[in-house]
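Trainee: need a structure here:
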Amino acid sequence: MVGRARRVLTAHRTGRRRLALRVSAVGLCFALAGCGSTDPRPERTTTIDLLQEDWQHVPGVVADGDELRVSATGRSIVEQDGGDAQPDPPVDLMGTHLVGVRDFSLRASFTDVTADATVSLLDSPPVIADEFRLEPAGLHLTLRGDDLEIAVFDGSPPDDVADPQPAEDEHVTISDPEAELTVDRRGDRLEITSAGRTVSTSPLGDVFSSGQLWLGLSSGGGSFTVGSLAASAAAGDGLSTAGPVAADAEPSPDGLQALAARARPGFVVGAAVALAPLASDADYADEFVGEFGALTPENALKPQALSPRQGEYAFEEADALLDLAESKGIAVHGHTIAFTEAMPRWMQELPSDTEQERQTSAEALLDYVTAVVTHFRGRLDSLDVVNEPFDVDQGTELQENTWLRVFGETYPSVVSQAVHDADPDVRQFVNENGADVPGPRQDALRQLVLDTNAAGGHVDGVGLQAHVYDLDTDAVSVEDLDATLDVFEEAGLLVRISENDVTDAQGQMAQAEQYATIFATCLGSPTCVSYTTWGVDDRYDHFVDDGGSPEQGHDLLFDDGEPTPAYDAVRSVLAG
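Mentor: Numbering: from 1, shown residues only. As a prediction, the model looks like this:
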């Protein structure tokens, strides 16, 4: 994750191309009364009761008889430096979404609203990266008392990735907050009514142009009940529901994992993945399920995703990933427990000034470790118990973080013991960047793991990330990687190539050659037990440039649904 030259964030966007949907001639005309449309309403013949669809993998949403109960989760994406957190409200990704969407009506009613209630209608799943969320084109309706906020996003890249702003954001006052709200899309126009009274009309351009509709229910600070939620469409529109596209993907008998099993039985070829593209992009799902034998969740198993608030857990999306992996016979590598980044605010701010504070904070951290590892017990093949322990400047000092402040420099052994107590069968790794070549950082990683185990830890090996962001400075040679693997073998430790990606800045052939070098060297060493690339398709590979804007990278084995020369090079290694 944090590289020597730049920071890469693997992001997710559905579809066969990068979406850049814009609202054309957007100018919302809101009125408290008298802003109605004279267009005749078409007869609605297809109605889908969305309350009866699948919401089980949506954090904060619980089915309660014929209703849904929605509670605030506190989900957010914390910046790398621990700064302001961007809200990350959940979307129903592995449940049901609507397809065949053209003109439609969606009706919803909320009761028992304690703070706020939001229903989101999205043209595609949101982009979720390590440190930002990009909103797709869509509509968010948020009810606070008698105030209805209507926010339209047009899918354009934001000026500030941490603070995306809607193209239009208006407020109207409604007479009855518990009355049914209706969103009616006809052609390029949107009409919103409350209690049968029009409160908004606007041109939408092509905001809802994908033919799909993804739904989200969330609250920023309270809870509410959804008493009704239904979609309908005119005759001939073909409105229907669909599940995640990954359900139809199958492992290929000629994929990378299948070839690896024949070349070296037991060797695993994996990729880091995210839920949104697995649910929505058939190319991505076929690439991953067809080619790979191991799954590393990019963000779903990080602390800020699993426990946004102390003592509360949101396992739904992580469980969805693991359920999918198990159904396809794919192993799972958990990522991660102790990590300076990706910690929720409560974890970052645990007090540690006094002995009593450290004791109380230690209990909170160990409760977290035990709850998470126990929940996933028996479902993880391996786990990063500590991720990136050393400073970000390629030094050998431990990063300053909550774990270090509370437990001291032996915190890796404390975490390792707690993980072992909760799941003695999961293989434990310490994952680090910049240690894939000989040098002080590699020496420090080796010694850290040996010291951890000497203090009672149970670490099986190390993860070498092998990010190659610049071939002039980051390239890994056969000689260096061979020497590295020998060092860890002599120490009695296993090795994973855990997050390999390679820039194509010097051309695809140079990129392919570096991929082949790292992969072949790992495959040829009994110490190197698995190889994982940090992402699947360049369609979802994004990084933040020096100006803070998101840019698309070209670092992976697939690009826009097609194999790259790097893929061919890895495949040739296995075939040879």
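Trainee: Average pLDDT for stretch 463-478, rounded please.
Mentor: Stretch 463-478 shows an average pLDDT of 97 in the prediction.
Trainee: again but with stretch 48-68, I slipped
Mentor: Stretch 48-68 carries an average pLDDT of 96.
Trainee: Need the residues that contact it.
Mentor: 69-73, 75, 90-96, 98, 215-219, 225-232, 239-241, 243, 314, 316-317, 319-320 (CB atoms under 8 Å, 6 or more residues apart in numbering). (C-beta placed from N, C-alpha, C; glycine too.)
Trainee: Which ChimeraX command selects the buried ones in those?
Mentor: Applying 16 or more other CB atoms under 10 Å to the contacts of stretch 48-68, the buried members can be selected in ChimeraX as follows:
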select :69,70,71,72,73,75,90,91,92,93,94,95,96,98,215,216,217,218,219,225,226,227,228,229,230,231,232,239,241,314,316,317,319,320
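Trainee: Among the contacts of stretch 48-68, name the ones in strands.
Mentor: Applying DSSP state E to the contacts of stretch 48-68, the entries found in strands are 69-71, 98, 215-218, 225-232, 240-241.
Trainee: Which secondary structure state does residue 119 sit in?
Mentor: Put simply, residue 119 is strand when judged by DSSP: H, G, I helix; E, B strand; the rest coil.
Trainee: count of residues packed around it?
Mentor: Other residues near residue 119 come to 22 when the count uses other CB atoms under 10 Å.
Trainee: gap between it and residue 176?
Mentor: 17 Å (CB to CB, to the nearest Å).
Trainee: With residue 415 instead?
Mentor: Residue 415 is 52 Å from residue 176, by CB to CB.
Trainee: Out of these two, name the residue with the larger neighbour count.
Mentor: residue 415 (25 against 11).
Trainee: what's the more buried one sitting at in phi/psi?
Mentor: phi -60, psi -40 (degrees, to the nearest 10).
Trainee: Now do it against residue 535, distance only.
Mentor: Residue 415 sits at a distance of 27 Å from residue 535 (criterion: CB to CB).
Trainee: try residue 464
Mentor: Distance, residue 464 to residue 535, by CB to CB: 17 Å.
Trainee: And residue 205, by the same measure?
Mentor: Note on residue 205: its distance to residue 535, by CB to CB, is 31 Å.
Trainee: between these two, which one's more packed in?
Mentor: Using other CB under 10 Å as the criterion, residue 205 and residue 535 rank with residue 535 on top: 32 against 19.
Trainee: right, and that one touches residue 499 too?
Mentor: No - between residue 535 and residue 499 there is no contact under CB atoms under 8 Å: 9.0 Å.
Trainee: What are the boundaries of the strands in the stretch 151-300 of the chain?
Mentor: Ranges of strands within the stretch 151-300 of the chain are 168-173, 181-186, 189-194, 197-203, 212-218, 223-234, 240-242, 268-273, 294-297, based on DSSP state E, counting those that start in this stretch.
Trainee: would you turn these into a markdown table with mean pLDDT and distance to residue 517?
Mentor: Converted to a markdown table, the strands of the stretch 151-300 of the chain look like this (pLDDT from 0 to 100; distance: least, CB to CB, whole Å):
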| stretch | mean pLDDT | distance to residue 517 |
| --- | --- | --- |
| strand 168-173 | 95 | 50 |
| strand 181-186 | 94 | 52 |
| strand 189-194 | 94 | 54 |
| strand 197-203 | 92 | 54 |
| strand 212-218 | 97 | 40 |
| strand 223-234 | 95 | 52 |
| strand 240-242 | 96 | 42 |
| strand 268-273 | 98 | 16 |
| strand 294-297 | 98 | 21 |
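Trainee: CSV please, covering these and showing distance to residue 154.
Mentor: Formatted as CSV, the strands of the stretch 151-300 of the chain follow (distance: least, CB to CB, whole Å):
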stretch, distance to residue 154
strand 168-173, 9
strand 181-186, 15
strand 189-194, 13
strand 197-203, 12
strand 212-218, 16
strand 223-234, 22
strand 240-242, 24
strand 268-273, 28
strand 294-297, 30
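Trainee: Which one, of the ones you listed, ends up nearest to residue 47?
Mentor: Set against residue 47 and scored by CB to CB, the strands of the stretch 151-300 of the chain come closest in strand 223-234, at 4.3 Å.
Trainee: So which elements touch the closest one?
Mentor: strand 44-49, strand 67-71, strand 104-111, strand 117-122 (3 or more CB pairs under 8 Å, 6 or more residues apart in numbering; DSSP states H and E).
Trainee: Distance from the chain centre to the following helix or strand past the shortest one, please.
Mentor: Same thing as strand 67-71. Note on strand 67-71: by DSSP states H and E, the next helix or strand toward the C-terminus is strand 76-78. Put simply, strand 76-78 sits 11 Å off its chain's centre (CA atoms, centre = their mean, to the nearest Å).
Trainee: buried ones in the helix or strand following strand 76-78?
Mentor: Using DSSP H and E, the helix or strand that follows strand 76-78 in sequence is strand 85-87. Neighbour counts over strand 85-87 (16+ other CB under 10 Å) mark 85, 86 as buried.
Trainee: what residue ranges in the stretch 201-350 of the chain score low on pLDDT?
Mentor: Across the stretch 201-350 of the chain, nothing is flagged by pLDDT under 70.
Trainee: Pull out the buried positions in stretch 384-396.
Mentor: For stretch 384-396, the neighbour count (16+ other CB under 10 Å) marks 384, 385, 386, 387, 388, 389, 390, 392, 396 as buried.
Trainee: any chance of those in a markdown table, plus pLDDT?
Mentor: Converted to a markdown table, the buried residues of stretch 384-396 look like this (pLDDT from 0 to 100):
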| residue | pLDDT |
| --- | --- |
| 384 | 98 |
| 385 | 98 |
| 386 | 98 |
| 387 | 98 |
| 388 | 98 |
| 389 | 98 |
| 390 | 98 |
| 392 | 89 |
| 396 | 97 |
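Trainee: ok, so of these, who is nearest residue 521?
Mentor: Distance to residue 521 across the buried residues of stretch 384-396 (CB to CB) is lowest for residue 384, with 21.7 Å.
Trainee: Next, the residue nearest to that closest one when sequence neighbours are not counted: secondary structure please.
Mentor: Nearest residue to residue 384 in three dimensions, chain neighbours excluded: residue 336, at 3.9 Å (CB to CB, 6 or more residues apart in numbering). For residue 336, the assignment made with three-state DSSP gives strand.
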